[in-house]
Each structure stands twice: as structure tokens, then as C-alpha cells.
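Q: Kindly return the folded structure for what I paste below:
(one chain, ligands or ions: 1)
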Amino acid sequence: MEKSSGKKNTAVFISGRGSNLKSLIKYSKTKKSLIKIVLVISDNSTAKGLYYANKSKINNIFIKYSNKKSFENRLLRLLKRNDIDLICLAGFMKILSGNFIKKFDKHILNIHPSLLPKYKGLNTHYRAIQNKDKYSGATVHFVTEKLDSGKIILQKRVKIFKADSVKSLKKKILKIEHKIYPKAIIRLLTNY
Ligand code: GRF
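A: Okay, the predicted model is just below:
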């Protein structure tokens, strides 16, 4: 549903540092933003990213994960209550069930630090370097039941140099993550 402001009510799910949340908040504050971040959810009470939500006075909630069913039921209630149209996962470390995805029934996006379909899951930078790949990058994709396998919305690559370490590659890729997440949202919401 489109809000009177024309912006999609968005929830961002995090588990840690929150640098992608920070970039999404920055985008949401631009004049032409197509989203309004109304809710930040974390499964980690000490997630650094909560600081950015607080700083921008965005409603943020820590939900303790005891089991998938009760965690997701709580999520669904919150999403409904806040009239959420779009979920952006940003370093969120829990895997959402097919049941949750079906019940929410609107777009759920994720950002992943590799050129999907390469390197689903963790340790993406290490694996790219080990395999002597020439390029790595970041991908924004739809979330489906299968981990890191939904349709790709936007992808950008970076060159891996011989001198690159996991740390330097991670840093380079994070920088492009911050650029492509807002771009992917614009692409999705404008069908461009
Ligand atoms: C990012 O590299 C993202 O691609 C991955 O988890 C990391 C989260 O970083 N899914 P941050 O919490 O957004 O700083």
C-alpha cells in the first residue's frame, strides 16, 4: 500500500554493526527518497547499529531469539502494527522461514558481500581470495526460503588485487554495499 507521503514504510533488520542501516537511513532522509524507515529490528541487544536508529529517532526493537516460531510471530505482529511495506535485511544473521516470507507477502531484500550466485553464506571474501578470483563484489537480491538465492536486483563488482587481504577486500566491498543498497531500492520501486 502506498502511504500518503508516497514513501514505502520500511523495516530494517540488523544483528551487528549497522553500516548498511546507516547508509539506508542517509538515503531515506534525502528529498527524493522512496522509503521511510519506520522500524529497526535487531536480534542482538548490543548491536552497534541500534545507535544509528536511536540517533535518527527511529523506533527500534530488540527481539530475543528463543525459537524461530515465536520470534517470527512477534516479527509479523510488529510489521503489521507498523504497516510495513518493505523489509531490508542488513547484516541480519537469522534465516527467515518460508512461512514468514509467505505471511509477510511483500518484498524482502538482502545485501550480500559477494557476486552471487558465488559464495552464498559466510566467509565470502576469504573464499574469493582463496579461489584467486579476479573480481568480487556485492549483490542486492530478493529474499526467498533458500539462503542467498533469490532473484538479483543489483550487483556491482570490484577488482581483487594480488595485494588484497580479507580485510582490505571487505573494506572495498562494504563501500560499494553502501552505494548499491539504496540504488537497488530505487530500481525496485521505480521498475527501472
Ligand atoms: C555486510 O557485509 C552485508 O553484506 C552482510 O553483512 C554485513 C553487514 O554489515 N550481509 P553492516 O552491519 O551493515 O555494517
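
Q: Please list all residues in contact with G49.
A: Taking Cβ atoms under 8 Å, 6 or more residues apart in numbering as the criterion, G49 is in contact with 14, 16-19, 21-22, 40, 42, 90-91. The way it works is simple: take the backbone N, C-alpha and C, and place the C-beta from them, glycine included.

Q: What ranges in the chain fall below the confidence cut-off?
A: For the chain, the stretches flagged by pLDDT under 70 are 1-4.

Q: Apply 90 and report the result again.
A: Within the chain, the set of residues satisfying pLDDT under 90 comprises 1-6, 191-192.

Q: Which of the contacts of G49 ranks first by neighbour count?
A: Using other Cβ atoms under 10 Å as the neighbour criterion, L21 leads those with 31 neighbours.

Q: ok, back up a step: restrict the contacts of G49 to contacts with the ligand.
A: Restricting the contacts of G49 to those touching the ligand (Cβ under 6 Å from any ligand atom) yields 14, 16-19, 90-91.

Q: Tabulate these in TSV, adding columns for distance to K55 and secondary structure.
A: Putting the ones next to the ligand among the contacts of G49 into TSV (distance: Cβ to Cβ, whole Å; DSSP: H, G, I helix; E, B strand; the rest coil) gives the following:
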residue	distance to K55	secondary structure
I14	14	strand
G16	17	coil
R17	14	coil
G18	11	coil
S19	13	helix
A90	16	coil
G91	17	coil
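
Q: mind checking how far the longest helix belonging to the chain is from the chain centre?
A: Ordering each helix of the chain by length in residues (DSSP state H) puts helix 166-190 first. Relative to its parent chain, helix 166-190 has a centroid offset of 10 Å by Cα atoms, centre = their mean, to the nearest Å.

Q: Quick check: buried residues in it?
A: 169-170, 172-174, 176-178, 180-182, 184-185, 188 (16 or more other Cβ atoms under 10 Å).

Q: Include distance to the ligand when you put the residues you listed into TSV, please.
A: Putting the buried residues of helix 166-190 into TSV (distance: Cβ to the nearest ligand atom, whole Å) gives the following:
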residue	distance to the ligand
L169	11
K170	7
K172	11
I173	7
L174	6
I176	10
E177	5
H178	8
I180	10
Y181	9
P182	13
A184	12
I185	15
L188	17
